[in-house]
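*Asks:* have a look at this prediction, sequence included:
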Amino acid sequence: MTRRRDHSGRPTLSLRALAAFLLLAAPACGERPSPPPEDVSGLADHHVHLLSPALVADWKSLGVPFSRPDSVYTSPAGLGVGAALLVPMSHLYGNEEFRGALGLSLEQEHAAVRRENDYVAASASGFPGTAVALCSVDISRPYAWDEIRRCRNALGVRGLKLHLASAGIDPREESHLERVARVAAWADSAGVALLVHFDPQRRGVELEDVQRFIDRVIAPHPGLTLVIAHLGGSGGYGAWSRSVYRTFAAWLRAEEAGGRPRAGIHFDLSAVWLERESEGVPASTAAEGRALAEDIREFGTARLLPGSDYPVFELARASAALRAGAGIGADEWQELRANRLALLDPAGREP
C-alpha cells in the first residue's frame, strides 16, 4: 500500500490511505478475468468486518468514499456462509490520525470504541448459531484495559482483535512487546482468542524482530488461541508477507518436533490473494501464486482458516481467486473448507 514515512519510520497516511491501511478499500477494476465463485455454504469466514452506522458516517465525514451501500458495511446478513467471525473496527478510533481528524476528546474516543464493540456484539446476537463477535481496541490507549475487561465481563465476548500497525506497535521496542505480551498472557489465562494483524508496517523491521515477537509474546503461552490475519502480512503475498509467514510456520514446525504442538495457533487467508490492484497494493502475480502454493504444501493446510476481509471481499469470490491463483486442488480445498476455529462451534462459545 502506498505510504509516506516520517523520520521515526512510522507510516504517515492520508485519510483515504488510512481507509486502505485499516480495511482494504474496494479493488479497482482490471482486465484479469475472475473465476466462478466458490460454493461457500457451510464454510466459516474468519475475517468479517462490521461497522456501525456511526462509524460509516464518521469515515464519510472525512471524505473517504464507500463504494457499496451502507447496509453492506453495517450488517452481516446475506454473507451466505455457515459461520462468521465478526471483527469490529473499534481500534480505528484509537488511531492518532483518525481521532485527530475527527477532533475527538479522550472521552469521546472511548465512547466511540465502546459503541462499536457493543454494536458488533449485538449484531452477532441477532444471528445465533452463525455469527460470533470479537471486540477490538487500540492497546496503546489509556482506556484499553478497561475496555478489554468490559468486553469479556459485560459483553461476554470470547475474542479480541489487535491491529499492531494502527496501534503504533514496534516489535523492536521492548516496552511495545511488553504491552502485547501482557494482552497475550491475559488472553491465555482468560480463555480469550486473539486475532492479530501482525504486520507492523514499519521501515527497518527485520525477520529477527518477527522472531523476537514470537519468543516474547507467543512462546510463553502454550495454551494461547491465536489467529494471525492475512498470513502475517497486510494483503497480498509479496516477499515480506511470505517471509513473515514462513518465520511463524518454521517456528511452529520446530515446536511440534519438540513435542509442543501449539494447537491453538492459526492463520487466516483473508486478502492473501488479490485479483486486482487495491489502493496501491498490486494484483497478485503468478510468481506469488507459485510461492503461496509451495508454502501451503510445505507447511500444510491444518492451521489455515478461510477468511474474506469482508466487506471489501466476499468469501465466494475470494476463495475462487485464491484457488485459481495458488493452484489449490480439490483435496486441499476440502481440507481448507473443514477448518474452523473452535470459537465458531457451538461447544466453543460458552464463557
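*Replies:* Sure thing, it's come through. Numbering: from 1, shown residues only.
*Asks:* number of nearby residues for Leu62?
*Replies:* Leu62: 14 surrounding residues under other Cβ atoms under 10 Å. No exception for glycine: its C-beta is placed from N, CA and C like everyone else's.
*Asks:* quick check: the gap between it and Phe267.
*Replies:* Distance of Leu62 to Phe267, computed by Cβ to Cβ, to the nearest Å: 32 Å.
*Asks:* what do you get for Glu256?
*Replies:* With distances taken as Cβ to Cβ, Glu256 is found 15 Å from Phe267.
*Asks:* for the two, indicate the residue with more neighbours.
*Replies:* Neighbour tally, Glu256 and Phe267, criterion other Cβ under 10 Å: the higher count belongs to Phe267, 24 against 12.
*Asks:* next up, the contacts around the more buried one.
*Replies:* Contact partners of Phe267, counting by Cβ atoms under 8 Å, 6 or more residues apart in numbering, are 227-229, 231-232, 245, 248, 303-305.
*Asks:* name the helix or strand for it, please.
*Replies:* strand 265-268 (DSSP states H and E).
*Asks:* buried residues in the helix or strand sitting right after that strand along the chain?
*Replies:* Following strand 265-268 in sequence order, the next helix or strand is helix 286-299 (DSSP H and E). The neighbour-count check on helix 286-299 (16 or more other Cβ atoms under 10 Å) flags 288-289, 291-293, 295-296, 299 as buried.
*Asks:* what's helix 286-299 packed up against?
*Replies:* With contacts taken as 3 or more Cβ pairs under 8 Å, 6 or more residues apart in numbering; DSSP states H and E, helix 286-299 sits against helix 239-257, helix 315-326.
*Asks:* give me the mean pLDDT for that helix.
*Replies:* When pLDDT is averaged along helix 286-299, the result is 97.
*Asks:* now it against helix 315-326, angle please.
*Replies:* Put simply, helix 286-299 runs at 90 degrees to helix 315-326, going by axes from the mean of the first three to the mean of the last three Cα atoms, to 10 degrees.
*Asks:* helix 286-299 vs helix 239-257, what angle?
*Replies:* Between the axes of helix 286-299 and helix 239-257, defined by the same axes, to 10 degrees, the angle is 10 degrees.
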